[in-house]
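Visitor: Please work out how this folds:
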Amino acid sequence: MASTMHSLHPLFFPQSVAIIGASSDPERIGGRPLRFLIESGFAAPIYPVNKSGAQIQGLASFSSVLDIPGPVDQAIIAVPVAGVEAALGDCIRKGVRCVQVLTAGFAELGSEGRALQDRLLAMCRAAGVRMVGPNSLGLLNVDTRFFATFSTALNGLQPRPGVISLATQSGAFGSCAYGMATLRGLGFSKIIATGNEADVDVAECIAYLADDPQTQVICAAIESCRDGNRLRAALLKAAVAGKPVLVMKVGRTELGAAAASTHTGSLAGDDAVFDAVFAECGAYRPSSIEEMLDIAYLCATTGRMPPNADIGVVTGSGGIGVLMADHAGDSGLSMSPLPPAAVAATLELLPFAVAANPLDMTAQVTSVKGGVPRTLDAMLTHGPYGTVFAYLAHVGLSPQRFASSLDELGALRLRHPDKDIVMVMLSAPEVNARLEAMRMPVFADPSRAVLAVAAAARMAERRRMLYQAVTHTGQGRALGQVDTEATAKKALALAGLPMLPECLCANADEAVRAAEGVGFPVVAKISSPDIPHKTEVGGVLLNLPDAAAVRAAFDTLVSRARAAVPQARIEGVLVAPMLKGGVEVILGVHMDPTFGPMVMYGSGGTAVELFKDVAFASAPLNPARAQALVDRVRSSALLRGWRGAPPCDEAALVDALCRLSEFALAHREELVSVDINPLVVRAQGAVCLDAVIVTRPPATTLQQEPAHEHIA
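Guide: Numbering: from 1, shown residues only. Here you go, the predicted structure:
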């Protein structure tokens, strides 16, 4: 019932529709939606609107939407760009509830088009009318045969009803995706191309589909996102509803020069941030349309995501089993050994089998009545596997010979309702249909089968640790001056980040006294707001053993800084104890313009951009999410006693990440980025050795477009 109250409901379920700019030529943009609606058998009234007033494609036409007798629920506008504003005005006066603007020539063309698009949006907002587009390819509700699009894909394809829905900014992407899906027999419920997204965007469509009872799997494609909070909320809503969301993100965005002034800014590319947000909101980002459709097919057929990430493989070929095991290992699936009870049951049935996981039945299985289903039964009964794959070569190409196996597999499916069975074989369409009706997906390619299950299992795992939206975070006190290492560290220390005792010295004598105070050996570093990365100018000297070395180091550092950056403001030299041992990591904050504060963790040091062994997560972090962030970075293995070294204090690292995330939220209006590089994690505790904070000018504080709730 929730979806029937949503303001997007009349977009997918109109009680009547007018096509403004309807053409008698069924191949023109104004003619195709009318033709498709007639050919599909859409049952509600269809009103062509054209200034000629003549009959169009066999239907009575009207010269204006205002001339139509009775109410009009939805209007499809397909007139030249100069006439769109007037057409929309007529729709508003008529009381139309929602419009699709198929016409292009708006914000995608520049400032004049943007101004016209903004006027359309203002008209719709003032009247409470919902708008798809402009520059939209249209939408489809396959269940009701509402094919309101001008996509030429419908010239040769008829989308089948199903439980997958698709929301995409790009109409070309959408028609390609549902065209590919239709050719492989996948069914759809709803498809919408949002175009320029002046009003309705993909995020709102995902939220609507999360409530839609006809949708079980949501596919989406975005090029950009104007409201990160709304996208987050939509993805989380779908995850809580138990609906897998597969999001294709296309296009890349270069970050501004200010953000690139820190390691964190240069690493926080558009893709890295979107990847992190998708993951923590329970979604999955496929690498291709084919992969997206594989995962959607798997989830739609089984009706769920895998019960666990442990798989069993039954094959008649050792080589295929090894191939599938390789893919399982690469993609994070586990393959537990075959339990003794399963080994015994298998060998009793097939003495010639290789009773392991993968389980190779060998070709001799054909000599045993019901050999394949009985072998699968042993693995399903005695094994811990959430999913069991059965590679059966090409036996499904002969439906008559495979008929008895279908019946046995159906009985097997009923005996193990809590586990998934995935068939891998070449097979006839009627065989596939029978198996799919029993909730058993069929893949021709063993690699794609394993990768689809791995992706679905990853989504299931992500649901156990979803991002918690921030309900309220108070603004911290103003940062003040944080343009040097010393002032940055002071601000971070107030937030609870661990620091060493150190002293900013204005001359060599002060530097010697400071070194004697903290104890030799020491580190000396140039301090200047104009030199954020000191190592690039030779601005750090390590392991200074005595007063003479410190005195010489002061003069050397100042000389190097003046030579490298003549205009630099030099405040002095920072003297700190020389720390030995531990593992160097980097912590950072990137203030993303779409999603707000993102916390970075990764392998530290000067080569961080070279290796890019980093991961991102949205603030705030709790200890569990901070630990998960650490676990995503490959070099975190160094923290755990690599090659005999003592293990490091990961709890201290997790605490530092959580405190940094709270700092980011408290100062989100001021920050551009934060670098703590390195933070040294020791056997006990951790300490920040360097820090850079970049703030934005007061007049450019981060502002995001407020989320709009569109509930009728």
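Visitor: switch to C-alpha atoms for all contacts and neighbour counts from now on
Guide: Fine.
Visitor: Strand partners (parallel or antiparallel) of the host helix or strand of residue 421?
Guide: Assigned by DSSP states H and E, residue 421 belongs to strand 420-424. Paired strands of strand 420-424, with direction, are strand 387-391 (parallel), strand 442-443 (parallel) (DSSP bridges).
Visitor: and residue 125, which of those is closest to it?
Guide: Among those, the nearest to residue 125 by CA to CA is strand 442-443 (47.2 Å).
Visitor: and the angle from the helix or strand following that closest one to strand 387-391?
Guide: Once the chain leaves strand 442-443, the next helix or strand it forms, by DSSP H and E, is helix 446-462. Angle of helix 446-462 versus strand 387-391, following axes from the mean of the first three to the mean of the last three CA atoms, to 10 degrees, is 180 degrees.
Visitor: Could you list every helix and strand in contact with whichever helix or strand comes after helix 446-462?
Guide: Downstream of helix 446-462, the first helix or strand assigned by DSSP H and E is helix 485-494. Here helix 485-494 touches strand 691-695, going by 3 or more CA pairs under 8 Å, 6 or more residues apart in numbering; DSSP states H and E.
Visitor: Recalculate using a threshold of 10 Å.
Guide: Secondary-structure packing of helix 485-494 (3 or more CA pairs under 10 Å, 6 or more residues apart in numbering; DSSP states H and E): strand 503-505, strand 522-527, strand 572-577, helix 650-666, strand 671-681, strand 686-688, strand 691-695.
Visitor: Report the inter-axis angle for the fourth one versus strand 671-681.
Guide: An angle of 170 degrees separates the directions of helix 650-666 and strand 671-681 when computed by the same axes, to 10 degrees.
Visitor: ok, and for helix 650-666, which residues are buried?
Guide: For helix 650-666, burial by neighbour count (16 or more other CA atoms under 10 Å) applies to 650-666.
Visitor: Tell me where the model's unsure across this protein.
Guide: 1-5, 53, 251-270, 471-476, 606-610, 699-712 (pLDDT under 70).
Visitor: if you set the cut-off to 50 instead, what comes out?
Guide: The chain contains residues with pLDDT under 50 at 1-4, 253-268, 700-712.
Visitor: Quick one: residues contacting residue 433.
Guide: Contact analysis of residue 433 by CA atoms under 10 Å, 6 or more residues apart in numbering lists 185, 439, 440, 441, 442.
Visitor: Using the three-state scheme, assign it.
Guide: helix (DSSP: H, G, I helix; E, B strand; the rest coil).
Visitor: Out of the helices and strands packed on helix 485-494, the one nearest residue 80 is which?
Guide: strand 671-681 (43.2 Å).
Visitor: Could you work out the end-to-end span of stretch 440-449 for me?
Guide: 12 Å (CA to CA, to the nearest Å).
Visitor: If you count neighbours, what's buried in that stretch?
Guide: For stretch 440-449, by 16+ other CA under 10 Å, it's 440, 441, 442, 443, 444, 446, 447, 448, 449.
Visitor: so how far is it from its chain's centroid?
Guide: 24 Å (CA atoms, centre = their mean, to the nearest Å).
Visitor: so how many other residues sit close to residue 628?
Guide: Residues near residue 628, counting by other CA atoms under 10 Å, number 15.
Visitor: ok, now the one 5 residues further on?
Guide: By the criterion of other CA under 10 Å, residue 633 has 17 neighbours.
Visitor: Quick one: residues contacting the residue positioned nearest the centre of the chain.
Guide: Nearest to the geometric centre of the chain sits residue 278, at 2.7 Å (CA atoms, centre = their mean). Listed by CA under 10 Å, 6+ apart, the contact partners of residue 278 are 231-232, 235-236, 245-247, 249, 284-285, 459, 462, 467.
Visitor: before we move on, back to that, just send the strands paired with strand 420-424 back as JSON lines, with distance to residue 117 too.
Guide: Listed next are these as JSON lines, based on distance: least, CA to CA, whole Å:
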{"stretch": "strand 387-391", "distance to residue 117": "50"}
{"stretch": "strand 442-443", "distance to residue 117": "45"}
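Visitor: between those strands, which gets nearest to residue 511?
Guide: Here strand 387-391 is closest among these (CA to CA), at 65.4 Å.
Visitor: Which SSE is immediately downstream of the closest one?
Guide: Strand 387-391 is succeeded, C-terminally, by helix 399-415 (DSSP H and E).
Visitor: So which bits of that following helix are buried?
Guide: Buried, per 16+ other CA under 10 Å, within helix 399-415: 399, 405, 406, 409, 410, 412, 413.
Visitor: Could you spell out which stretches of the chain belong to which domain?
Guide: 2-251, 305-455, 501-577, 583-700 (automatic domain parsing).
Visitor: I'm done for today, thanks for sticking with me.
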